[in-house]
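> Quick one, what's the 3D model for this:
(one chain, ligands or ions: 2)
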Amino acid sequence: MKVEKSSQDLENEVIYAGLCIHCGSCNAFCPHMDFNKENGEAYVVDECAETVGLCYNSCPRNFLPISEMELKMFGKTRIDLAVGVYNDIIQVKSKNKDTILYNLVIAAFDAGIVKHMVLSQPKTKKPPVAFPVVVDNAKGAKKYIPKATMDNAGPLVTGIGQAYKAYKRDIGIIANPCHLQGLAKILVSDFNTGAERTSLKIAFACSSGGMTGCKYCTDFSGEFSDISYSPWGAPKGSGEALLIIRTDIGQKLVDTAVKKKLIEITDPNPDLSEMKKFLNKKRKKNFLTLLGKDLITAKYLNLNVDELKDMLEE
Ligand code: SF4
Ligand code: SF4
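Numbering: from 1, shown residues only. Ligands and ions are numbered 1, 2, ... in the order given. Alright, predicted model coming up:
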């Protein structure tokens, strides 16, 4: 999967068109791209002669062949339009004073799933800007565990590139759904990058990243993760969360966390109605934005007509 477009096309179609969500996918592995160290925005360092640009082909906001990506990532396509491909959804709580997300990171290191984690270091809250950090053990991860998706608003995929350049392997990441769309695009592309050193993708189901490009987003559950953490849909104020397990790696992570008494499954078959209500409300709003006056600029999704019909009739 490669499209013959370059960094100039990326500038015109995404960056200057207000679609960029500062995910860092375009500058993770391409030496001709970087991100602004003040606000995280992507920019072209020098125009290259490449006509089939890695930067363009990594970006989740110019084209996103969702079904093709799902087939390559999961070996199947979704049956649940709101949530994406998954094997199981459970409700959990922490068994100690640490957060569920931090306990999952401890389990990831304990199980040998990761040797490093890419996490976020928030720089400012208004506007939300964060930058990637790479940590090498669970203890080092503790202070970078995100509390909200705005804490992740920055070029986190670049952290995978940084870890690769430092010769690291078995790299995990906690990121927002849009970051993982970009990372998935790189992983299923025909480019040779270091992205295949990623061994775990944890999504933080997103309420908003607070960026202009967020209004075109249609993935709030983290569809291209191994496992999604969703506080949305769990009983309010309970401190519990839903975990959407999408891959065998995601399952291994949960099994380890339970076995090590880091988390506890409070409901193996939770009611999904509140989570789906949340996801569909946000998706519907943004699909309408895509179909409205912004359709021409926001043509990145191969919109599935049946999917849209179902959603808009709800
Ligand atoms: S890959 Fe991400 S950071 Fe780069 S232009 Fe696309 S949306 Fe922006
Ligand atoms: S709403 Fe969340 S997942 Fe969507 S683009 Fe914004 S930060 Fe990314």
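> how deep is the residue in the stretch 151-300 of the chain that ligand 1 sits nearest to tucked in, by neighbour count?
Nearest residue of the stretch 151-300 of the chain to ligand 1: Gly182, at 5.2 Å (C-beta to the nearest ligand atom). Glycine gets a C-beta too; all of them are placed from N, C-alpha and C. Neighbourhood size, Gly182 [other C-beta atoms under 10 Å]: 27.
> in which helix or strand would I find it?
For Gly182, the element it lies in under DSSP states H and E is helix 177-188.
> elements contacting that helix?
Judged by 3 or more C-beta pairs under 8 Å, 6 or more residues apart in numbering; DSSP states H and E, helix 177-188 is in contact with helix 25-28, helix 54-58, helix 66-74, helix 157-165, strand 171-175, strand 198-204.
> What does the pLDDT read for the closest residue to Cys59 other than its chain neighbours?
On the basis of C-beta to C-beta, 6 or more residues apart in numbering, the spatially nearest residue to Cys59 that is not a chain neighbour turns out to be Cys26, at 5.2 Å. Looking at Cys26, its pLDDT reads 96.
> sorry, back to before: now distance to ligand 1 and mean neighbour count too, for the helices and strands packed on helix 177-188, in JSON lines please.
Converted to JSON lines, those look like this (distance: least, C-beta to the nearest ligand atom, whole Å; neighbours: other C-beta atoms under 10 Å):
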{"stretch": "helix 25-28", "distance to ligand 1": "3", "mean neighbour count": "30"}
{"stretch": "helix 54-58", "distance to ligand 1": "6", "mean neighbour count": "26"}
{"stretch": "helix 66-74", "distance to ligand 1": "15", "mean neighbour count": "17"}
{"stretch": "helix 157-165", "distance to ligand 1": "7", "mean neighbour count": "24"}
{"stretch": "strand 171-175", "distance to ligand 1": "12", "mean neighbour count": "28"}
{"stretch": "strand 198-204", "distance to ligand 1": "16", "mean neighbour count": "25"}
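> wait, does the helix holding Gly182 make contact with ligand 2?
Yes. Part of helix 177-188 sits near ligand 2 under the criterion C-beta under 6 Å from any ligand atom, namely 177-178.
> Tell me what angle that helix forms with strand 171-175.
Put simply, helix 177-188 runs at 150 degrees to strand 171-175, going by axes from the mean of the first three to the mean of the last three C-alpha atoms, to 10 degrees.
> hang on, the earlier thing: now render the helices and strands packed on helix 177-188 as CSV, adding distance to Ile186.
Shown next, in CSV, are these (distance: least, C-beta to C-beta, whole Å):
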stretch, distance to Ile186
helix 25-28, 6
helix 54-58, 5
helix 66-74, 11
helix 157-165, 8
strand 171-175, 12
strand 198-204, 9
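> Quick one, which of the ones you listed gets closest to Ala42.
When the helices and strands packed on helix 177-188 are compared for distance to Ala42 using C-beta to C-beta, the nearest one is helix 25-28, at 5.3 Å.
> Please enumerate residues in contact with the following helix or strand past that closest one?
Per DSSP H and E, the first helix or strand lying C-terminal to helix 25-28 is strand 33-35. Strand 33-35 is contacted from outside by 7, 22, 24, 26-27, 41-45, 55, 154-155, 158, using C-beta atoms under 8 Å, 6 or more residues apart in numbering.
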